[in-house]
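Novice: Provided below are the primary sequence and the corresponding predicted coordinates.
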Amino acid sequence: MSDAVLSARTALVTGASSGIGWETARLLAGHGATVLVHARTTAEAEDAVERLVAAGARRDQLVELAADFTKLSEVAVLAGAVVKHYPSLDLLVNNAAVMAPERCTLTDDGNEVSLQVNFLAAHLLSKLLRAPLAAAGDARIVNVSSSLHRTASMNWSDPHRVKKYSRVAAYAQSQLALTMATADMAPAGSGITAVSLNPGLCDTALLPLYGRVGAPAAEGAAAVVRLCLPETVVANGAYFDGGVLAPTAPAAQEERSLKRLAKLADQLVGRAA
């Protein structure tokens, strides 16, 4: 596949070493984009790029980037490297995600690990990359969320769920936060549009959380990439279920909750911002 519709565009895909993220990077490269391939470690990023080249991508389209999202300082360093080398960034695909572990686990930053990796890292990246995204003129942020966000609630008094922990509740909360924060990632007048989606139940590392059979990761990636294409008209803050516009959880429409989340997220990323 090579239709070159994205040939003049640069995309950062987080969590691109496997699953939907890797397939998204492959498809974007097939459309001609320069793809910044993020993984947790340099070795994982290099391996992902090698597999992308083997799958048909051009090596000169691919750039490996490494950052462990359980460390917000590494998220900030990653953003700094992108700003330095890419003054214009057309696409940010916030795909990196982890399952919440069996027991409540806090990062060195003091945040519940799935909340940090799945939401706070995306929140921080969208802030630190605002200048190159705005410079692109018509940039898009695509947040890969989950249908589980509809089952979630924000635990405002204990966002890390230390007092009463459930891995499903923690993961669902991280996806609710990501969906709720989407519109705020693209302030009015910035020239950026941000959307979120449930890519569908796919056979990825997150599948055990759902306990069912999943479709190939490439199918989920196709839904993600569709939202990256200029021919797909999107509105800021929109949520898609697969390829279909869908309603979000009610909390994503509550102005008071959205402001509360923005304040909480800024507090939790702290000095890294």
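Specialist: Perfect, thanks for sending it.
Novice: against residue 268, how distant is residue 55?
Specialist: 37 Å (Cβ to Cβ, to the nearest Å). All C-beta atoms are positioned from the backbone trio N, CA, C, and that covers glycine.
Novice: give me the more crowded residue out of these two.
Specialist: residue 268 (22 against 13; other Cβ atoms under 10 Å).
Novice: just checking, that one touches residue 159?
Specialist: Yes - using Cβ atoms under 8 Å, residue 268 is in contact with residue 159, at 7.4 Å.
Novice: quickly list what's touching both of those two.
Specialist: With contacts taken as Cβ atoms under 8 Å, 6 or more residues apart in numbering, residue 268 and residue 159 have residue 115 as neighbours in common.
Novice: dihedrals phi and psi, residue 10?
Specialist: phi -120, psi 130 (degrees, to the nearest 10).
Novice: can you give me the neighbour number for the nearest residue to it once chain neighbours are set aside?
Specialist: For residue 10, ignoring the flanking residues on the chain, the nearest one in space by Cβ to Cβ, 6 or more residues apart in numbering is residue 34 at 4.6 Å. The local packing of residue 34 (other Cβ under 10 Å) involves 21 other residues.
Novice: what residues are up against residue 34?
Specialist: Here residue 34 is in contact with 9-11, 61-63 (Cβ under 8 Å, 6+ apart).
Novice: list the contacts for the closest residue in space to residue 77 that isn't next to it in sequence?
Specialist: Sequence neighbours aside, residue 67 is the residue nearest to residue 77 in space, at 6.6 Å (criterion: Cβ to Cβ, 6+ apart). For residue 67, the contact set (Cβ under 8 Å, 6+ apart) comprises 38, 40, 74-75, 77-78.
Novice: and residue 250, how many residues sit next to it?
Specialist: Neighbour tally, residue 250, other Cβ under 10 Å: 9.
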